[in-house]
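Enquirer: Return a 3D structure for these sequence lines:
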Amino acid sequence: MRSRTRHGWRRWINWVNLFSLLIALFVLLPMYWMVASSFKNTAGVGASPAQYFPNPVTTSNYQVAFSDYTFGRYILNSVVVACCSTALVLFLGTLAGYALSRLPVRGKYPMMVALLMISVFPQIAVIAPLYLIMRDLGWLNSYQALIFPYTAFNLPFAIWILRNYFLGISMSMEESARVDGAGPVRTLVSIIVPQVKPGIFTAAVFTFTACWTEFLMALSDNIENNYRTIPVGIATFGSQFTVPYGTLFAASVVAVVPIAILVLVFRKSVVSGLTSGAVKG
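Expert: Model prediction:
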């Protein structure tokens, strides 16, 4: 009986592994096609039947993206906006998460519900009023036109993640720091923050990814070429009669690389941060 049960479990695990492999292939095949097409020439991209491997291999699409379409400028703009927004989110999210987890704040739970509602609020609903606000402030076509809205939209998720991590830290550590003469700021920076690094990495990766890939706000607030970010810049490739698919694929590959590196480097911290946020608080 035990052998039958063990055999049944093995069969079930094999089916689960096969299903997981199919899902992985389903996700990775479009990525492979994008990378392969970025190294094809114009004839190879539009070949029929399709070429599964670039032949001949060419890097002209990458050269055109950076020389003809000023793609380097779009990358710089995205780096500035995403890094500044992420830094602000981490700074404010750490302070707010600590306060909501440790201090006797009035209306704490309604505040958490409000943060949750803001985190799922559709951005498209505020595009028009946000544009008018930026116009009145004189911030259209500037970095701050994206940095502050991105910070506002990504801050609630960071607060939720970091608050749940702060709740998992024993109060005895803070009490020991107070006995040793450490003030609140010193305690937070030297004792508490190092304990919540997985949560900080999780919030950083998700915030950076959201800012790096956001399109609607960047399209409406920054229409000048010097302030366009990567998604908007890629959308302007081509003309009325031609679509440079190879160049589009090449630019998309360059845009995906930073996100892929972040996920690969901090994957353990991200998983730890998400699972902690799911079971604590």
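
Enquirer: going forward, measure contacts and count neighbours with C-alpha atoms only.
Expert: Noted.

Enquirer: how about the helices in the stretch 51-200 of the chain?
Expert: In the stretch 51-200 of the chain, the helices defined using DSSP state H, counting those that start in this stretch lie at 60-67, 71-102, 108-119, 127-137, 144-167, 171-179, 184-186, 197-213.

Enquirer: For Ile234, which of these is the nearest?
Expert: The closest of the helices of the stretch 51-200 of the chain to Ile234 is helix 71-102. By C-alpha to C-alpha, the value is 8.1 Å.

Enquirer: Measure how the closest one sits relative to helix 197-213, angle-wise.
Expert: Angle, helix 71-102 to helix 197-213, by axes from the mean of the first three to the mean of the last three C-alpha atoms, to 10 degrees: 140 degrees.

Enquirer: What residues sit buried inside helix 71-102?
Expert: Neighbour counts over helix 71-102 (16 or more other C-alpha atoms under 10 Å) mark 71, 73-79, 81-86, 88-90, 93-101 as buried.

Enquirer: returning to what we had before: now render the helices of the stretch 51-200 of the chain as CSV, adding mean pLDDT and distance to Val232.
Expert: Putting the helices of the stretch 51-200 of the chain into CSV (pLDDT from 0 to 100; distance: least, C-alpha to C-alpha, whole Å) gives the following:
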stretch, mean pLDDT, distance to Val232
helix 60-67, 93, 14
helix 71-102, 94, 8
helix 108-119, 83, 23
helix 127-137, 94, 15
helix 144-167, 92, 13
helix 171-179, 77, 46
helix 184-186, 77, 40
helix 197-213, 91, 9
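
Enquirer: domains of the chain?
Expert: The record's domain split for the chain, according to automatic domain parsing, is 2-38, 60-279.

Enquirer: out of the ones you listed, deepest packed?
Expert: Comparing the domains of the chain by mean neighbour count (mean count of other C-alpha atoms under 10 Å), domain 60-279 comes out on top with a mean of 17.

Enquirer: Excluding chain neighbours, give the residue nearest to Phe97 in space.
Expert: Just so we're on the same page, residue 97 is Gly rather than Phe. Ranked by C-alpha to C-alpha, 6 or more residues apart in numbering and with sequence neighbours excluded, the top spatial neighbour of Gly97 is Arg163, at 4.1 Å.

Enquirer: my read: that neighbour touches Leu103, true?
Expert: No: contact criterion C-alpha atoms under 8 Å: Arg163 and Leu103 do not qualify, at 11.4 Å.
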